[in-house]
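# Provide a 3D model corresponding to the input given below.
(chains A, B, C, D, E and F, ligands or ions: 12)
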6 protein chains.
Amino acid sequence: YELQVAEGYVPGRVNGLAVMGEDSGIVLPVMAEVTPSQGPGEVIATGQLKEMAQEAVSNVSAIIKKFSDEDITQKDIHIQFVQAGEGGVDGDSASITVATAVISALEGVGVDQSLAMTGSLSVRGDVLPVGGVTHKIEAAAKTGCDRVIIPEANLQDVMIEDEYEDMIEIIPVSHISEVLDVALEGEPEKDSLVDRLKTITGSALDKQSVSQGPSSPSPQ
Amino acid sequence: YELQVAEGYVPGRVNGLAVMGEDSGIVLPVMAEVTPSQGPGEVIATGQLKEMAQEAVSNVSAIIKKFSDEDITQKDIHIQFVQAGEGGVDGDSASITVATAVISALEGVGVDQSLAMTGSLSVRGDVLPVGGVTHKIEAAAKTGCDRVIIPEANLQDVMIEDEYEDMIEIIPVSHISEVLDVALEGEPEKDSLVDRLKTITGSALDKQSVSQGPSSPSPQ
Amino acid sequence: YELQVAEGYVPGRVNGLAVMGEDSGIVLPVMAEVTPSQGPGEVIATGQLKEMAQEAVSNVSAIIKKFSDEDITQKDIHIQFVQAGEGGVDGDSASITVATAVISALEGVGVDQSLAMTGSLSVRGDVLPVGGVTHKIEAAAKTGCDRVIIPEANLQDVMIEDEYEDMIEIIPVSHISEVLDVALEGEPEKDSLVDRLKTITGSALDKQSVSQGPSSPSPQ
Amino acid sequence: YELQVAEGYVPGRVNGLAVMGEDSGIVLPVMAEVTPSQGPGEVIATGQLKEMAQEAVSNVSAIIKKFSDEDITQKDIHIQFVQAGEGGVDGDSASITVATAVISALEGVGVDQSLAMTGSLSVRGDVLPVGGVTHKIEAAAKTGCDRVIIPEANLQDVMIEDEYEDMIEIIPVSHISEVLDVALEGEPEKDSLVDRLKTITGSALDKQSVSQGPSSPSPQ
Amino acid sequence: YELQVAEGYVPGRVNGLAVMGEDSGIVLPVMAEVTPSQGPGEVIATGQLKEMAQEAVSNVSAIIKKFSDEDITQKDIHIQFVQAGEGGVDGDSASITVATAVISALEGVGVDQSLAMTGSLSVRGDVLPVGGVTHKIEAAAKTGCDRVIIPEANLQDVMIEDEYEDMIEIIPVSHISEVLDVALEGEPEKDSLVDRLKTITGSALDKQSVSQGPSSPSPQ
Amino acid sequence: YELQVAEGYVPGRVNGLAVMGEDSGIVLPVMAEVTPSQGPGEVIATGQLKEMAQEAVSNVSAIIKKFSDEDITQKDIHIQFVQAGEGGVDGDSASITVATAVISALEGVGVDQSLAMTGSLSVRGDVLPVGGVTHKIEAAAKTGCDRVIIPEANLQDVMIEDEYEDMIEIIPVSHISEVLDVALEGEPEKDSLVDRLKTITGSALDKQSVSQGPSSPSPQ
Ligand SMILES: [Ca+2]
Ligand SMILES: [Ca+2]
Ligand SMILES: [Ca+2]
Ligand SMILES: [Ca+2]
Ligand SMILES: [Ca+2]
Ligand SMILES: [Ca+2]
Ligand SMILES: [Ca+2]
Ligand SMILES: [Ca+2]
Ligand SMILES: [Ca+2]
Ligand SMILES: [Ca+2]
Ligand SMILES: [Ca+2]
Ligand SMILES: [Ca+2]
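Ligands and ions are numbered 1, 2, ... in the order given. The predicted structure is shown next:
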């Protein structure tokens, strides 16, 4: 099967990006739906998520719950990595993809299908750096995406070949509100949604200028 | 025991299709029932489902909860793979079978017993491609089924032998609403049910034209 | 200890049948009780049930919840395999035994203690075929049972020796309502109970004529 | 430490009996307490119970919930095997001991401390046979108990030596109501309590005369 | 770090005693706090408790729930073994320490910090014997404690060397109410608290005179 | 990536300190967010916390629940170790970091980003000693932090080299209220917040003067 990135805007569907093996990227779409819950609302993610991916979903859920406020207590949030396959999903680099898919589903606002994205998230909405950015950008370009969102802290890592440079626009971001500003459809509604997201999580955004890298200490 | 596909329409029972070993298919019926719950409603699937099959049921439940709205909070959804045997059920290709069985049980509308089906599902109702389509179609034909539903994205994979070609009609679909339009009994009620399903999940259907294949990346 | 099947009618106690090793059967009684629950009602089965037996209980619970309607939300259903021993209980062939014991306990209606039974169940009340029917019938006869219920789809498998033929009456059934019609005590109350069970689960019964054998495919 | 059985009546404390190794018995006391619950009421048993012992507690809880009716939904039932040690508790032969301790605690009625007991239970109150009866009776006698309750179905197994015969009275029982009639203190209150227990669970008692032995089949 | 036992009275902090390796004791403090709960109240113990220690906390919770009555349903009980280390906490000998810390925290009454204690508990408040009493008393004395509480049933095990005999007072107890009478601060309030505890759990205390030793049978 | 400690005050973000391998420290930031809950409120910590770290979060939650009172029952507390990596987080030395991040998020008060901290906590607010203090202080200094909080009981362990001595101010504390007094922004509001924290947990603080070291006994 050949993956062709779609045209137009679709609610609840976002083109994520993943690394395959050592040196190639792939587009890995995330779909989301918000439904009435059975019992207390839950966040349910499928695609055989490994531990770091499950924790990333848990961090994203903090932003979702804050964004939707009391409405969320009676709702189940479904998140599906539609092409995860048997290998499952690892790492936290789909965090902004998941957040965008869920907020799009929650608000019924379309997401640009010619856009791909990668980025980790803090529970307060900061976009954190990820690995494999160059391979991911190339995969997005090859599949026909016009634009790709990456964490601002990863700009220094981008080393794409000339052939891709003109095919795809790279958009660095440092907060989830910027991601939604780029990804969502519909001017006036989108702006109010982005503003609400800024208000809720914006304090860390305004004052913090830490460049946080992916490292692996074990505190004692 | 010899399996003979039944005549007529039965609520809560759908002929699914599965692959046995390398190169043969089998009809694997799914039965569903909706009951008052003990405590918060649950979706309960039996047949020793392995992880991907369990996640497929979880994805289907998103559509069911959306379709039945608040009614579902006090109900348990029972899904039974009646001939799963000790090997259990693997993969996500019974997703449209499960969705059809549950909606049929929920609405008390009969399902065509001379029809078989295979197809994966997104949480928003898109029918996604599966493996082993040719073997499954042949198994449906051999058992006496008159029609078989497959994902539109799998049409390119169909290579059935001449002997089966005249025995069975192949119906490609790309959204769960089409599956129910084909499978359910009773003209005016069915149409309203199908329309409701379209309204609820239809936005992804209208605009998306991505051909998504079954691949297995591991994002990082 | 020597097991002697009892005389008369007892509520909440049913003679099930099991296979021991390769070629012998045994009477394995099931007892049930319905009690006020602590928290949300639960179905609790003891006798060290293995996975298939646990799933069989789960399927039976669909029928019980449907039958007793809202009443069940505040009740715990206790199911005990009183002589399961350390080996525990495997398989799904005690499904009709469990269903009969629970409905008898729920309604306070006695079950014929000179009757034994074996049969699997769908979530909609269809009696499905099981293994070891001949050995089970012989065990029922040896222990002094006068009648034995088996799935209609297993009639073809019955090969009992002449000595048992006159000792025991074989009653084939295809729906749980027939099981209760044979097993329960008390004419007018029983009939209304059987009718209610037919109304609730009867649609599959009326139209379906599939002969489903015990096979073990693994769908993909 | 040397165990000396106490004099008099104590609520919530019952002398159970267990088998140690191959050929010796031991007095193993059970204590119970009933408290307000945190959240839905629970039955909590300590003493490192293995699976069969845990299931026995679950079966006993059916009788307790039936006996105390709606009152139990807001209460936690604590059951403690006070001298279980690191080996923990196995088997189901303490069932009548646990039932007696809990009902005594629930009603605030004292239990005879010069009495010991052993016996399994059905969820409907039938006392079922256990193993090691002779060793258990001798242990009860050696420790100074005056009376010992055993299942009626175990009478055939009693082969105690002459020296113990005059030390201890053996009381065979077939229903939990008989156990409480023997064990509890206080004539008029006890009788009403025993009557209530008979009414609730008595139907199986009246009509059943099955002699059920401890065997270990594995149904299929 | 050198542990120096504190002066004065502190609410929610009690000096427990533990055995290290073969032949030395150690002071192991327990701290407790009672807080509003999130959802149904829970008893939460930290310090990497092994199974017997966890069960001991469960037994203690029976006394706490009984003591605080309905108030407990909306409260979380936190219990912390502040110096448990990576080895965690084993055994049930900290039961009276935990009970005292929690009741002190619940009532806001100070505990004597120059006192140490060891003892197991029944769910009805009886203090049961423990191991390593002599080593524990010596550890309490070495650390500067003035008094140490031990189970009355352990008095026979005390073999402390002359040098410690004059340093520390040994107080044998047989019921949790005696422990609190010795440990808590503030005369009139303490007496009413001790009386309430006696009323709630006192029946077993009055009549029972069993000397129960720590043994490890496995009932069948 | 190079970590540069930020300027100014940020709510919900605190510079923790961890030990890497044998002899180096690292700044390990903790971020927190408080959101509406789905069902009963939960404390959710990500960063692949090992058992001791999970228990430390549980201990901190006692203080949080006490501090925020009934408000907490409908809220989820999210805690994220943003750079934990695949190795995850071990030990309890981030306890004061977590407590500060959560209270800052709960109250919307900024935390000094030029401050780092390390310290364990009791459930009553006492700051307990930790390991690796010298390496941690040096790591804080190297990264540009101006001040570092350590447990008072660890003052004796500080052996930093001359080069760091003038770069960083060492602040010893013995209670969580002192940590917040140092870390939080905004004079009059902060003082009232610190006072409330003292009132709630202060009793242990006033009277206790125990120097507790990190040891690992196993009580029996
Ligand atoms: Ca749910
Ligand atoms: Ca394009
Ligand atoms: Ca339930
Ligand atoms: Ca046909
Ligand atoms: Ca329950
Ligand atoms: Ca007969
Ligand atoms: Ca509870
Ligand atoms: Ca005596
Ligand atoms: Ca909770
Ligand atoms: Ca002193
Ligand atoms: Ca929740
Ligand atoms: Ca600086």
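
# what's the helix of greatest length in chain A packed up against?
Longest helix in chain A, counting residues (DSSP state H): helix A:187-207. Contacts defined by 3 or more CB pairs under 8 Å, 6 or more residues apart in numbering or on different chains; DSSP states H and E place helix A:187-207 against helix A:51-68, helix A:95-107, helix A:176-183, strand F:9-11. Every residue, glycine included, has its C-beta placed from N, CA and C.

# try 6 Å
Applying 3 or more CB pairs under 6 Å, 6 or more residues apart in numbering or on different chains; DSSP states H and E, one finds that helix A:187-207 contacts helix A:176-183, strand F:9-11.

# can you give me the angle the first one makes with helix A:51-68?
Put plainly, it is helix A:176-183. Here the directions of helix A:176-183 and helix A:51-68 differ by 80 degrees (axes from the mean of the first three to the mean of the last three CA atoms, to 10 degrees).

# And helix A:176-183, how far out from the chain middle?
Helix A:176-183 sits 10 Å away from the centroid of its parent chain (CA atoms, centre = their mean, to the nearest Å).

# okay, that helix in PDB with CA atoms only?
Extracted C-alpha coordinates of helix A:176-183, given in PDB (Å, rounded to 0.1, in the frame of the first residue of the first chain):
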ATOM      1  CA  ILE A 176       1.200  23.800  21.800                       C
ATOM      2  CA  SER A 177      -0.900  26.900  21.100                       C
ATOM      3  CA  GLU A 178       1.400  27.600  18.100                       C
ATOM      4  CA  VAL A 179       0.900  24.100  16.800                       C
ATOM      5  CA  LEU A 180      -2.900  24.500  16.800                       C
ATOM      6  CA  ASP A 181      -2.500  28.000  15.200                       C
ATOM      7  CA  VAL A 182      -0.700  26.300  12.300                       C
ATOM      8  CA  ALA A 183      -2.700  23.100  12.000                       C
END
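
# how about low-confidence regions in chain A?
A:1-5, A:70, A:202-220 (pLDDT under 70).

# Recalculate using a threshold of 80.
Counting by pLDDT under 80, chain A has low-confidence residues at A:1-6, A:22, A:69-71, A:201-220.

# Can I get the helices and strands packed on helix A:187-207 in JSON lines including distance to residue F:62?
Formatted as JSON lines, those follow (distance: least, CB to CB, whole Å):
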{"stretch": "helix A:176-183", "distance to residue F:62": "32"}
{"stretch": "strand F:9-11", "distance to residue F:62": "22"}
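
# Ok, which of the ones you listed comes nearest ligand 3?
Comparing these against ligand 3 with CB to the ion, the closest turns out to be helix A:176-183 (36.0 Å).

# Not counting its own residues, what contacts the closest one?
A:96, A:99-100, A:111-112, A:115, A:125, A:149, A:171, A:173, A:194, A:197-198 (CB atoms under 6 Å, 6 or more residues apart in numbering or on different chains).

# Out of the residues you listed, which comes closest to ligand 11?
Nearest to ligand 11 among the contacts of helix A:176-183, with distances taken as CB to the ion, is residue A:99, at 18.4 Å.

# Please name the nearest non-neighbouring residue to that closest one.
residue A:60 (4.8 Å; CB to CB, 6 or more residues apart in numbering or on different chains).

# Go through chain A and flag its longest strand.
Assignment by DSSP state E gives strand A:24-36 as the longest strand of chain A.

# helix or strand right after that one?
strand A:43-46 (DSSP states H and E).

# Now do that next one: distance to the chain's middle.
15 Å.

# so what secondary structure elements neighbour it?
With contacts taken as 3+ CB pairs under 6 Å, 6+ apart, strand A:43-46 sits against strand A:75-81, helix B:51-68.

# switch to 7 Å and redo it
On a contact count with 3 or more CB pairs under 7 Å, 6 or more residues apart in numbering or on different chains; DSSP states H and E, strand A:43-46 meets helix A:51-68, strand A:75-81, helix B:51-68.

# Residue A:194 and residue C:64, how far apart?
Residue A:194 is 51 Å from residue C:64, where distance means CB to CB, to the nearest Å.

# Spatially, what comes nearest to the residue in chain A that ligand 3 sits nearest to if we skip its sequence neighbours?
Distance from ligand 3 to each residue of chain A (CB to the ion) is smallest for residue A:39, at 8.6 Å. Excluding the flanking residues, the one nearest residue A:39 by CB to CB, 6+ apart is residue B:40, at 2.5 Å.

# Just give me the neighbour total for that neighbour.
Other residues near residue B:40 come to 14 when the count uses other CB atoms under 10 Å in any protein chain shown.

# Give the burial count for residue A:44, as a bare number.
Residues near residue A:44, counting by other CB under 10 Å: 20.

# can you check the one 5 residues further on too?
A total of 21 residues lie near residue A:49 under the criterion other CB under 10 Å.

# What of residue A:77?
If we define neighbours as other CB under 10 Å, then residue A:77 has 29 of them.

# what is it paired to in the beta sheet?
Note on residue A:77: beta-bridge partners by DSSP bridges are residue A:34, residue A:43.

# Please report how far it lies from residue F:39.
Residue A:77 is 13 Å from residue F:39, by CB to CB.

# check contacts around the residue in chain A positioned nearest to ligand 7.
For chain A, the residue closest to ligand 7 is residue A:40, as judged by CB to the ion, at 16.5 Å. Applying CB atoms under 7 Å, 6 or more residues apart in numbering or on different chains to residue A:40 gives the contacts A:73, F:38, F:39.

# What backbone torsions are found at it?
phi -60, psi 140 (degrees, to the nearest 10).

# Compute the distance between it and ligand 5, please.
Here the criterion is CB to the ion, to the nearest Å. By it, residue A:40 lies 17 Å from ligand 5.

# Residue A:169 now?
Computed with CB to the ion, the distance linking residue A:169 and ligand 5 is 57 Å.

# And that residue, its phi and psi?
Residue torsions, per degrees, to the nearest 10, at residue A:169 are phi -90, psi 130.

# wait, isn't it in contact with residue A:149?
No: with contact defined as CB atoms under 7 Å, residue A:169 does not reach residue A:149; the gap is 9.8 Å.

# Give the residue from these two that has the larger number of neighbours.
With neighbours defined as other CB under 10 Å, residue A:169 and residue A:149 compare such that residue A:149 has more, 25 against 13.

# excluding its backbone neighbours, what's nearest that one?
Nearest one to residue A:149, counting by CB to CB, 6+ apart, is residue A:117 at 3.8 Å.

# What is the neighbour count of residue A:191?
12.

# Ok, residue A:144 next?
Using other CB under 10 Å as the criterion, residue A:144 is surrounded by 16 other residues.

# quick one: contacts of stretch A:57-73?
If you take CB under 7 Å, 6+ apart as the criterion, stretch A:57-73 is touched by A:40-41, A:43, A:45, A:49, A:77, A:79, A:95, A:98-99, A:102-103, A:106, A:121, A:123, A:125, A:176, A:197, A:200-201, F:33, F:35-38, F:44, F:46, F:76, F:78, F:80.

# which among these are in contact with ligand 11?
residue F:38 (CB under 5 Å from the ion).

# Write the PyMOL selection for whichever of the contacts of stretch A:57-73 are buried.
This is the PyMOL syntax for the buried subset of the contacts of stretch A:57-73, where burial follows 16 or more other CB atoms under 10 Å in any protein chain shown:
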select buried, (chain A and resi 41+43+45+49+77+79+95+98+99+102+103+106+121+123+125+176+197+200+201) or (chain F and resi 33+35+36+37+38+44+46+76+78+80)
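
# Distance to ligand 8 added to the contacts of helix A:176-183, as JSON lines?
Shown next, in JSON lines, are those (distance: CB to the ion, whole Å):
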{"residue": "A:96", "distance to ligand 8": "76"}
{"residue": "A:99", "distance to ligand 8": "73"}
{"residue": "A:100", "distance to ligand 8": "77"}
{"residue": "A:111", "distance to ligand 8": "82"}
{"residue": "A:112", "distance to ligand 8": "87"}
{"residue": "A:115", "distance to ligand 8": "86"}
{"residue": "A:125", "distance to ligand 8": "74"}
{"residue": "A:149", "distance to ligand 8": "83"}
{"residue": "A:171", "distance to ligand 8": "88"}
{"residue": "A:173", "distance to ligand 8": "83"}
{"residue": "A:194", "distance to ligand 8": "83"}
{"residue": "A:197", "distance to ligand 8": "77"}
{"residue": "A:198", "distance to ligand 8": "80"}
